[in-house]
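Participant: Output the structure for:
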Amino acid sequence: MTQDELKTLVGRAALDYVVAGEIVGVGTGSTVNKFIEALAAMKDRIPGAVSSSVASTERLQALGIRVFDANEVGELAVYIDGADEIDGRGYMVKGGGAALTREKIVAAQSRRFVCIADESKRVDVLGRFPLPVEVIPMATQRIVRQFRALGGTATVRLKDGKPLVTDNGQHILDVTGLAIREPLAFESEVNQWPGVVTVGVFAHQKASVCLLGTASGVQTIAY
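Facilitator: Residues are numbered from 1 along each chain as shown. Presented below is the predicted three-dimensional model:
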């Protein structure tokens, strides 16, 4: 089974976690795109969605699914999103699609986080995937030095030869060389560095359930 087929599989499986009559939180990325496609089949059974990115908003609206501003609604029943890495405790690294800040906001607004991923994203220790960190540009080089002190190498993510600009108007650092063995403590520490908007470790907003696409089907892991 190809990676694309695995993504389609878990995207469809996530429909079982959508609560009829309630607004659903929707993440960002290639796996979530499969979920959005599947969600179109039950759009008449939900009021709409809260989206974590401009890209997902456009996809949802193109399928006739209403998108609410996060400030217009209260607590969400469920947030469905992918991950760049997920460990055995449900802690994740996210932000490969540069939407980590809004993803974390919607996750924090939701009672339950359902992670949809293929089995290549499962790791024992977070850090193999370059860790995304959204930063205010004037703080970039100081934050690079702070990561260097931790043993990490941080580089500015580029798009068309220029620093990528997020939906929030900020830049992304991608950090390699880290083994994140204590995700909760690490997330808390880095989020306090001046100039960090969001670090891509999702430990305080970890997954409740992971729907993992494998060659033998969807594996459901609860945390």
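Participant: okay, CA-based contacts and neighbour counts for the rest of this
Facilitator: Fine.
Participant: contacting residues for the most centrally placed residue in the chain?
Facilitator: Closest residue to the average C-alpha location of the chain: K94 at 4.5 Å, with C-alpha atoms, centre = their mean. Applying C-alpha atoms under 8 Å, 6 or more residues apart in numbering to K94 gives the contacts G82, A83, D84, E85, L100, L131, P132, G200, V201, F202.
Participant: Give me the pLDDT for it.
Facilitator: Note for K94: predicted pLDDT of 98.
Participant: do you know how far it is from G151?
Facilitator: 20 Å (C-alpha to C-alpha, to the nearest Å).
Participant: hang on, the earlier thing: out of the contacts of K94, which are inside helices?
Facilitator: Among the contacts of K94, the ones falling in helices (DSSP state H) are L100.
Participant: Turn the contacts of K94 into TSV, including pLDDT, neighbour count and distance to L173.
Facilitator: Output for the contacts of K94, formatted as TSV (pLDDT from 0 to 100; neighbours: other C-alpha atoms under 10 Å; distance: C-alpha to C-alpha, whole Å):
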residue	pLDDT	neighbour count	distance to L173
G82	98	33	20
A83	98	27	17
D84	98	25	15
E85	98	27	17
L100	98	28	12
L131	98	27	8
P132	98	29	6
G200	98	28	10
V201	98	30	13
F202	98	25	16
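Participant: And the contacts of K94, which is closest to L158?
Facilitator: P132 (12.4 Å; C-alpha to C-alpha).
Participant: Would you check that that closest one makes contact with L178?
Facilitator: No. Here P132 lies out of contact with L178, judged by C-alpha atoms under 8 Å, at a distance of 11.8 Å.
Participant: among the helices and strands of this protein, which one scores worst on average pLDDT?
Facilitator: helix 3-13 (a mean of 94; mean pLDDT, DSSP states H and E).
Participant: quick check: domain ranges of this structure?
Facilitator: Recorded structural domains for the chain (assignment: automatic domain parsing) are 3-123+204-222, 131-197.
Participant: hey, which of those is tucked in deepest?
Facilitator: domain 3-123+204-222 (a mean of 20; mean count of other C-alpha atoms under 10 Å).
Participant: and of the contacts of K94, the nearest to R66?
Facilitator: The nearest member of the contacts of K94 to R66, counting by C-alpha to C-alpha, is G82 at 21.1 Å.
Participant: wait, isn't the closest one in contact with V26?
Facilitator: No. Using C-alpha under 8 Å, G82 is not in contact with V26; the gap is 9.7 Å.
Participant: Any chance you could list residues touching both of those two?
Facilitator: Joint contacts of G82 and V26 (C-alpha under 8 Å, 6+ apart) are V32.
Participant: quick one on the thing from earlier: of the contacts of K94, closest to V125?
Facilitator: E85 (9.0 Å).
Participant: who does the closest one bridge with?
Facilitator: V93 (DSSP bridges).
Participant: show me the contacts for it.
Facilitator: Applying C-alpha under 8 Å, 6+ apart, the residues contacting E85 are M92, V93, K94, K121, R122, V123, L126, F129.
Participant: how much space between it and K34?
Facilitator: Taking C-alpha to C-alpha, one finds E85 at 18 Å from K34.
Participant: Could you do A55 as well?
Facilitator: 13 Å.
Participant: what do you get for A179?
Facilitator: When A179 is compared with K34 (using C-alpha to C-alpha), they lie 30 Å apart.
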